[in-house]
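J.: Sequence and predicted structure, then a few things I'm wondering about:
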Amino acid sequence: MSTTPASTFPSPLSIATPEGCEGWEEMYPYYALLGEDRREADEQRLWFWNSMHFPEPMSAFDVVAIDGPYYALANWQNRVFAIPPAMGIDYRIVNGYVFITPNAVTDPNLIAERAAYFGERAGYYFANWDELYGRWREKMRKLIAEITALEVPQLRTYEEDAVAFEDRDTSFVRVLDSYNRALRMHEQMWQHHFEFLLLGYGAYLTFSDFCKSALPEIPDQHIAQMVSGIDVLLFRPDTELRHLARLAREAGVDASFADGRSPEAIIAELGQSEAGRGWLESLEAVKDPWFNMGSGDGFYHHHRSWLDDPSIPFSAIRGHIDALVEGRDTERPTEHLAAERNRLAHEYGALLDEQARGTFNELLGLSRTVFPYVEEHKFFCEYWFQSRFFNKVREFGALLATHGFLHDGEDVFQLSRHEVGEALEELVLSWAHGGPPRGPHHWPPIVERRRRLLERLKQWTPPPAMGTMPTEAINDPISVMLWGITPERLHSWASAMSGDSLTLTGAAASPGVAEGPARVVRDVHEITDVQPGEILVSTVTSPAWAPIFPKIRGAVTDIGGIMSHAAIVCREYGLPAVVGTGRATAEIRTGQRLRVDGTNGVVTLLDDEEPA
């Protein structure tokens, strides 16, 4: 990937620390920071803000959800499958926010060498996809069960008899071993996460490239629509919520779901009647496994599961009840999507000669086979496992809080994973010898300082990118398909930074045109504020937000490509969407009227006045 010396984005090392945020660097590992020792190399690279996965500043512990994915992605992409043009993802943290860049392979001889490895290894996976994917599901279920069952030992005054009489490990060994095992399981989860994902994107990108070569006029949207409308496990939770809404109507308990009521209040009222208790039994039957869905994208400790925070599913049930009362259809238009999918495939296939049509059908069939994994992995990995992992870390936090090392168990997330290990090491040491520990005096001030830093860093808006604009297209499949990093997007972002405009452009992710008031959502906790008829504007949307999609008229995101989660979910719900605008959440305010043209990738502010 060649570059020009000049950049239309700010230099990485020119970005100032926001006032009151001095010292933020202490929360992050040295290798994640910019520095003079790498100035020349870092300024010559393009770094874009990964607001898809990291829209907020990261707490110290949550760096595990940066390192884990990037360890695994690079290992599979660069060292296992040897995807010819791409190695891995490098990252830097600036003012608490994560910026990333793909490392490209540019040597034609090396690309050819890697192609041989890729062909053999990827070919094995594609030829045995169903069998291997079945094994993958079992591996993930086993890992989820293991992290759930992991014991966090308590430190008693005296050890149990089993230590003395049955050769059981002592408590200090079990505490430290359990923590290390939790971290290793987390890394294993990310290993599983990327095993199939890159091949899923690769298969789709190969199909897309063939279509654009054989059918030069075909829009990206039509290519994506040819793999839409396929049954994906990730939409099952919303299906179950619609079923619960119908049951509430049939049982005559729907009035309990009045706007503004908390899940706890609703459950308490339902428990007072036979019909309500019957509905609660149906709810319990749905929870396993579908309430393991997350509230966000799963990369932050506060992205809780629906089991921990039922506000999203209960808000969705309320919305589905309202739709039933009003006679509105909230079902995914799967039949229409399937019919359109097949129509497009038939019509485009008919334009090709016999040989090209054979290749077209083969690549389309492969894309449809692998497509479900592109979304389904999130349910098992980012939602189900990740919420169990963070809850297990909370148990270690509670142990530290019990012994005065932290004021509250939740404070554990203000320490890095290595610092938590240090704190646990001193805890078991001081517990064993009975002397006074330093931890209760050492860690609480650090926690408080970092909590203040994060609150201040949230007020800063990062640029969409920094560094040097590339002169050639990025050939990394995941950067293009997931994040939508193309020359057109980058130039659009750079232009948007230089002046005010009543229009934003992005990738045409899902066709159609919609108008309505904007609802800007920057935090997962704001998702329940979305009202019927609004246009959702966010850094990115998560599949976990699918239950609110029947409420909205369209969606706009800061980042994302044609196969981003936002794009996929909007196509599956038949909603106009424009993704990858760069600065929608910075330019648009809640209440402003928008027009979303998902066919052409244009967002228009219909009024330029901020709402009162």
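T.: The structure has been received and is ready for your questions. Residues are numbered from 1 along each chain as shown.
J.: Show me which positions of stretch 436-447 end up buried.
T.: Neighbour-count burial for stretch 436-447, with 16 or more other Cβ atoms under 10 Å as criterion, is recorded at Pro437, Gly439, Pro440, Trp443, Pro444, Ile446, Val447. Heads up, the C-betas are built off the backbone N, CA and C, glycines and all.
J.: Could you check which helix or strand contains the nearest residue to the first one once chain neighbours are set aside?
T.: Spelled out, it's Pro437. In space, Pro437 comes closest to Ser430 once its chain neighbours are excluded; the distance is 3.7 Å by Cβ to Cβ, 6 or more residues apart in numbering. Assessed by DSSP states H and E, Ser430 sits inside helix 417-433.
J.: What separation is there between Ala339 and Ala122?
T.: 32 Å (Cβ to Cβ, to the nearest Å).
J.: Looking at the two, which one has more neighbours?
T.: Using other Cβ atoms under 10 Å, the more surrounded residue of Ala339 and Ala122 is Ala122, with 19 against 12.
J.: Look at the more buried one and report its pLDDT.
T.: As predicted, Ala122 sits at a pLDDT of 94.
J.: The helix holding Ser430 - contacts with which helices or strands?
T.: The criterion is 3 or more Cβ pairs under 8 Å, 6 or more residues apart in numbering; DSSP states H and E, and the helices and strands that helix 417-433 contacts are helix 171-214, helix 386-402, helix 439-457.
J.: How about residues contacting the shortest one?
T.: Contacting residues not belonging to helix 386-402 are listed as 61, 65, 144, 147-148, 150, 152, 154-155, 175, 178-179, 182, 185-186, 189, 292, 294, 298-299, 301, 303-305, 307-308, 406-413, 420, 423-424, 427, 439, 443 [Cβ atoms under 8 Å, 6 or more residues apart in numbering].
J.: if we can go back for a sec, take the buried residues of stretch 436-447 and lay them out in CSV including distance to Pro263.
T.: Formatted as CSV, the entries for the buried residues of stretch 436-447 read as follows, by distance: Cβ to Cβ, whole Å:
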residue, distance to Pro263
Pro437, 40
Gly439, 37
Pro440, 36
Trp443, 34
Pro444, 32
Ile446, 34
Val447, 29
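J.: now those in a markdown table, with pLDDT?
T.: Putting the buried residues of stretch 436-447 into a markdown table (pLDDT from 0 to 100) gives the following:
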| residue | pLDDT |
| --- | --- |
| Pro437 | 97 |
| Gly439 | 98 |
| Pro440 | 98 |
| Trp443 | 98 |
| Pro444 | 98 |
| Ile446 | 98 |
| Val447 | 98 |
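J.: closest to Arg236 among the residues you listed?
T.: Set against Arg236, the nearest of the buried residues of stretch 436-447 by Cβ to Cβ is Val447 (38.8 Å).
J.: State the pLDDT value of Ala214.
T.: Listed pLDDT for Ala214 reads 96.
J.: Correct me if wrong: it contacts Ala356.
T.: Yes: in this structure, Ala214 is within contact of Ala356 by Cβ atoms under 8 Å, at 5.3 Å.
J.: Quickly list the domain ranges of this structure.
T.: As recorded under automatic domain parsing, the domains making up the chain are 233-326, 339-364, 501-605.
J.: Minimum distance to Ala86: which of those has it?
T.: Within the domains of the chain, the stretch nearest Ala86 is domain 501-605; the backing value is 14.6 Å (Cβ to Cβ).
J.: Tell me how far the closest one lies from the chain's centre.
T.: Using Cα atoms, centre = their mean, to the nearest Å, the mean C-alpha position of domain 501-605 is found 16 Å from that of the whole chain.
J.: Quick one: mean pLDDT over that domain.
T.: 88.
J.: what do you get for stretch 257-270?
T.: Mean predicted lDDT for stretch 257-270 stands at 93.
J.: For that stretch, buried residues please.
T.: Residues of stretch 257-270 classed as buried by neighbour count (16+ other Cβ under 10 Å): Phe257, Pro263, Ile266, Ile267, Glu269, Leu270.
J.: I'd like those residues laid out as a markdown table, including secondary structure and distance to Glu250.
T.: Shown next, in a markdown table, are these (DSSP: H, G, I helix; E, B strand; the rest coil; distance: Cβ to Cβ, whole Å):
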| residue | secondary structure | distance to Glu250 |
| --- | --- | --- |
| Phe257 | helix | 14 |
| Pro263 | helix | 21 |
| Ile266 | helix | 17 |
| Ile267 | helix | 19 |
| Glu269 | helix | 17 |
| Leu270 | helix | 14 |
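J.: got any ranges where the stretch 1-150 of the chain has weak pLDDT?
T.: Scanning the stretch 1-150 of the chain for pLDDT under 70 picks out 1-7.
J.: Quick one: the strands in it, in order.
T.: Assigned strands in the stretch 1-150 of the chain, in chain order: 46-49, 86-94, 97-104 (criterion: DSSP state E, counting those that start in this stretch).
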